[in-house]
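[1] Quick one, structure for this:
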Amino acid sequence: MFISPALIVGGLFKEGDELVRMDALEYELALKQTAAEIRGAQANITNALAQISSAEAASAQSEARLAREEAEAKAARAEWALLGRSGEPPELLVRGPQIKEAKASLSAAAAQDKAARTLLQSSEAKLEAAQAASEQAQLNVDRCVITAPFAGRVQQVNFGLGQVIAPGVALAHLQPIDY
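    I've put the predicted structure just below:
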């Protein structure tokens, strides 16, 4: 803790002079921690966006594959009818397993997309929380330095070195001077 030599009864100070500087180590550590949380949340957002892109690409591939398999199945049914065969064509001939696999791939891509979007929302919320915590930590660091709001003289000092200071307690009474 630093206490200005001017912070004694009758001491003179100028506007902006540092009067008291309290130990801000705990708040500075919190500020570093929130910076790390912000970087982590930003990395998670980047990861989620990459997963969304990957899921969208997988979905497009699955849709194209499904369309291709359904077109081949339609052609196989037409060929079956052209050959004059009766009844339903065998499932293998009309690409049944391939169509089921393409639909499963499409469902998996949709699930991957949904999970990635959920991760994105969660990461964005964590980023906002970390940014708010960082702002609070910076405010706490800033509040550890008390500067003179005006030029003046110290009328009364209400604390001593090593004393615990509570929020809202007047540390000193200052009298402005105009000369």
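
[2] Closest to the centroid, which residue in this protein?
    L127 (1.5 Å; C-alpha atoms, centre = their mean).

[3] do you know how far S4 is from A35?
    Distance, S4 to A35, using C-beta to C-beta, to the nearest Å: 30 Å. All C-beta spots, glycine's among them, are computed from the backbone N, C-alpha and C.

[4] These two - which one has more neighbours?
    The neighbour comparison of S4 against A35 (other C-beta atoms under 10 Å) goes to S4, with 17 against 14.

[5] quick one, what contacts that one?
    By C-beta atoms under 8 Å, 6 or more residues apart in numbering, S4 lies in contact with 11, 13, 17-20.

[6] Pull out the buried members of those residues.
    11, 13, 19-20 (16 or more other C-beta atoms under 10 Å).

[7] Check the contacts of S4 against I52 and report the nearest one.
    Closest to I52 out of the contacts of S4 is E18 (49.7 Å), distances taken as C-beta to C-beta.

[8] Could you check how far the closest one is from N140?
    Going from E18 to N140 by C-beta to C-beta gives 17 Å.
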